[in-house]
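Q: fold the following, please.
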Amino acid sequence: MRRLSLLFTTAFVLLLVAAPSALAHDGGQGLLGEADDKTVTNAGFILIIAFPLFVLLMSLLLWRLEKRKDSRKAASKQLSGEWHSGW
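A: Here you go, the predicted model:
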């Protein structure tokens, strides 16, 4: 629980620190200058690539973790089977 609260606090502080630079200044221009059609199109393409890539990576991570969990369960079950009998 402590880690979770620390994570949320850190994320909140980073958002507060980054907010002023994200606000438009200099007549509506952002940090990269004027947002023309090419900039918006490239940002869209980056999003089109990034979301499926994120889903793929998280799915692979979950598959690997499930595989580890299943192998641990099988090893535990096999070990408990050897020592199942008592006195």
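Q: and the helix or strand D70 falls within, average pLDDT?
A: Counting by DSSP states H and E, the element that carries D70 is helix 37-82. Throughout helix 37-82, pLDDT has a mean value of 92.
Q: what do you get for stretch 13-29?
A: Computed over stretch 13-29, the average pLDDT equals 73.
Q: gap between the two ends of that stretch?
A: Stretch 13-29 has an end-to-end distance of 25 Å (criterion: C-alpha to C-alpha, to the nearest Å).
Q: ok now the helix or strand where F8 lies, how far from the chain's centre?
A: For F8, the host element (DSSP H and E) is helix 2-22. Relative to its chain's centre, helix 2-22 lies at 15 Å (C-alpha atoms, centre = their mean, to the nearest Å).
Q: ok so, going back, what packs against the helix holding D70?
A: Helices and strands touching helix 37-82, by 3 or more C-beta pairs under 8 Å, 6 or more residues apart in numbering; DSSP states H and E: there are none. For glycine as for every other residue, the C-beta is placed from the backbone atoms N, C-alpha and C.
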